[in-house]
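K.L.:
A predicted structure for the sequence below; I have some questions about it.
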Amino acid sequence: MEIINRKRPTKPQPMPYVRWDREGEHMNYAETIAHETVALMERDPRVIVMGAGVTDEKGIFGTTKLAHERFPDRVIETPLSETMLTGALVGLAQNGWKPILVHARADFMTLSMEHLINTAAKWGYMGSDAPNLMVRCIIGQGWGNGPQHTQSTAHWFAADPGLRTLLPATIPALKRVYTDIEGPTVVFEHRRLYESEIKGDMSQYGDPDTADIQLVGLSATTLDCIEACALLRKRGINAEWASMSNPNASFPTLRRVVIADLNNQGLAADIGIRMMMNGIDSLIVRPPATPVPASYPLEQEWYPTPAHIANAALRLLGEESESVVGDIDEPFVPTGGPF
């Protein structure tokens with residue numbers, strides 16, 4: 001597995017664009033979504049795509065543009081009204097369609113919770129078939145957009161057993177998502193991932209059973225775990241990484257695990273407790289217990305880095321962390337809670 005070399009940018013980066021001349025194993029994250037959406041629409045005429053910006057020239061980071069070109073009548077531009085859109089989504093699914101709704105900002109999924117939590121997630125337990133629908137939620141980070149446009153809200157939805165909440169970070173995980181739309185599904189996509197090309201769900205450095213430690217990423221923190229593995233292996237530590245796309249599914253782990261989360265009160269705490277109950281030693285690396293700063297430089301300092309993850313791994317292994325080669329000098333100390 002090739003290590004993805006991602007340095008902290010010094011200024012906002014341009015939006016990624018999809019190249020339609022790349023196919024198969026050469027496609028990145030955004031291109032995979034675009035092609036898998038079209039493939040799903042070809043297999044099932046009940047699949048439609050809707051949302052604000054889905055027919056725009058940029059096509060939601062290029063992910064809806066190909067579907068709009070192939071199926072212009074089934075890619076529907078909508079007003080920007082999250083409550084109304086989600087109600088329409090659920091109603092369409094209850095009437096036999098398989099709609100995909102794109103929310104460009106996961107932050108405003110709060111306006112969708114009534115329809116998703118009290119209707120979509122419960123419908124299958126109330127004497128009816130569960131509605132087959134998908135909500136694509138895009139997580140921020142990267143342009144200093146502040147606390148109202150950069151939140152990772154997946155943990156709110158993962159807490160409801162009637163919803164399938166997914167955070168795919170790898171190409172294989174994305175392809176599994178688009179196999180079919182079964183039941184109410186909420187998919188969180190991080191902007192940092194759109195140009196990435198992670199080809200496997202976990203590293204293949206050697207025998208995972210003989211590794212010293214495993215670094216588990218959630219969504220975009222998978223990129224950081226891959227880099228942290230490279231830092232640790234330079235020190236002779238046999239570190240493996242894995243990406244956890246379904247936080248509620250069982251997951252094979254080693255005896256020592258570091259989990260990298262997207263926010264302070266996120267999914268890693270629940271995952272860490274489940275690991276602890278199974279006798280697994282774990283540490284969580286996560287941002288401070290504050291909203292994301294509005295300043296772009298402060299935003300970059302707010303998020304943990306690969307070096308933070310590597311230092312946490314060294315602490316869990318009982319080693320000193322000062323000699324880790326990374327972009328910080330001091331180990332990151334998680335704030336709030338027992339982790």
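P.N.:
Received it, and whenever you're ready, just let me know what you need. Numbers count the residues shown, from 1 in each chain.

K.L.:
what's the local residue count around residue 126?
P.N.:
Residue 126: 8 surrounding residues under other Cβ atoms under 10 Å. Heads up, the C-betas are built off the backbone N, CA and C, glycines and all.

K.L.:
right, I mislabeled it, should have said residue 122
P.N.:
By other Cβ under 10 Å, the residues close to residue 122 number 16.

K.L.:
now the closest residue to it other than its chain neighbours: which helix or strand?
P.N.:
Distances taken as Cβ to Cβ, 6 or more residues apart in numbering place residue 162 nearest to residue 122, at 5.6 Å, with adjacent residues excluded. Of the helices and strands defined by DSSP states H and E, none includes residue 162.

K.L.:
and residue 162, what does it touch?
P.N.:
Residues in contact with residue 162 (Cβ atoms under 8 Å, 6 or more residues apart in numbering) are 117, 120, 121, 122, 124, 125, 130, 184.

K.L.:
just the buried ones from these?
P.N.:
Buried members of these, scored by 16 or more other Cβ atoms under 10 Å, are 117, 120, 121, 122, 130, 184.

K.L.:
just those residues: which are in helices?
P.N.:
Of these, the ones assigned to helices by DSSP state H are 121, 122.

K.L.:
next, give me the two most distant ones among the buried ones among the contacts of residue 162.
P.N.:
Comparing all pairs in the buried ones among the contacts of residue 162 by Cβ to Cβ, the longest separation belongs to 117 and 130, at 13.6 Å.

K.L.:
flag the shaky bits of the chain, pLDDT-wise.
P.N.:
Within the chain, the stretches with pLDDT under 70 are 1-25, 142-144, 204-209, 252, 320-339.

K.L.:
and if we set it to 50?
P.N.:
Scanning the chain for pLDDT under 50 picks out the ranges 1-21, 323, 325-339.

K.L.:
and the helices in it?
P.N.:
29-43, 59-62, 65-70, 82-94, 113-115, 121-123, 154-158, 171-177, 221-234, 268-277, 296-302, 306-316.

K.L.:
with respect to residue 258, which of the ones you listed lies nearest?
P.N.:
helix 306-316 (4.9 Å).

K.L.:
tilt between that closest one and helix 221-234?
P.N.:
60 degrees (axes from the mean of the first three to the mean of the last three Cα atoms, to 10 degrees).

K.L.:
in helix 306-316, which residues are buried?
P.N.:
Going by 16+ other Cβ under 10 Å, helix 306-316 has these buried residues: 306, 307, 308, 309, 310, 311, 312, 313, 314, 315, 316.

K.L.:
residues near the closest residue to the first one other than its chain neighbours, how many?
P.N.:
Translated: residue 306. Closest residue to residue 306 apart from its sequence neighbours, by Cβ to Cβ, 6+ apart: residue 227 at 3.6 Å. By other Cβ under 10 Å, 23 other residues sit near residue 227.

K.L.:
can I get the buried residues of helix 306-316 in CSV including distance to residue 40?
P.N.:
Listed next are those as CSV, based on distance: Cβ to Cβ, whole Å:
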residue, distance to residue 40
306, 34
307, 39
308, 37
309, 34
310, 38
311, 42
312, 38
313, 38
314, 43
315, 44
316, 41
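
K.L.:
residue 294 and residue 148: what is the separation?
P.N.:
For residue 294, the distance to residue 148 (Cβ to Cβ, to the nearest Å) stands at 9 Å.

K.L.:
to clarify, my last question referred to residue 220.
P.N.:
From residue 220 across to residue 148, the span is 19 Å (Cβ to Cβ).

K.L.:
who has more neighbours out of the two?
P.N.:
Neighbour count, other Cβ under 10 Å: between residue 220 and residue 148, residue 220 has more, with 25 against 13.

K.L.:
and the gap between that one and residue 153?
P.N.:
14 Å.

K.L.:
cool, and residue 63?
P.N.:
From residue 63 to residue 153 the distance is 20 Å (Cβ to Cβ).

K.L.:
same question for residue 66.
P.N.:
Distance, residue 66 to residue 153, using Cβ to Cβ: 28 Å.

K.L.:
dump stretch 168-180 to PDB, keeping only the CA atoms.
P.N.:
Extracted C-alpha coordinates of stretch 168-180, given in PDB (Å, rounded to 0.1, in the frame of the first residue of the first chain):
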ATOM      1  CA  PRO A 168     -16.500   5.100   3.800                       C
ATOM      2  CA  ALA A 169     -12.900   6.300   3.300                       C
ATOM      3  CA  THR A 170     -11.600   3.700   0.900                       C
ATOM      4  CA  ILE A 171     -12.500   2.700  -2.700                       C
ATOM      5  CA  PRO A 172     -13.700  -0.800  -1.700                       C
ATOM      6  CA  ALA A 173     -15.900   0.700   1.000                       C
ATOM      7  CA  LEU A 174     -17.500   3.100  -1.500                       C
ATOM      8  CA  LYS A 175     -18.300   0.300  -3.900                       C
ATOM      9  CA  ARG A 176     -20.000  -1.700  -1.200                       C
ATOM     10  CA  VAL A 177     -22.200   1.400  -0.400                       C
ATOM     11  CA  TYR A 178     -23.400   1.600  -4.000                       C
ATOM     12  CA  THR A 179     -24.200  -2.100  -4.400                       C
ATOM     13  CA  ASP A 180     -27.800  -1.200  -3.700                       C
END
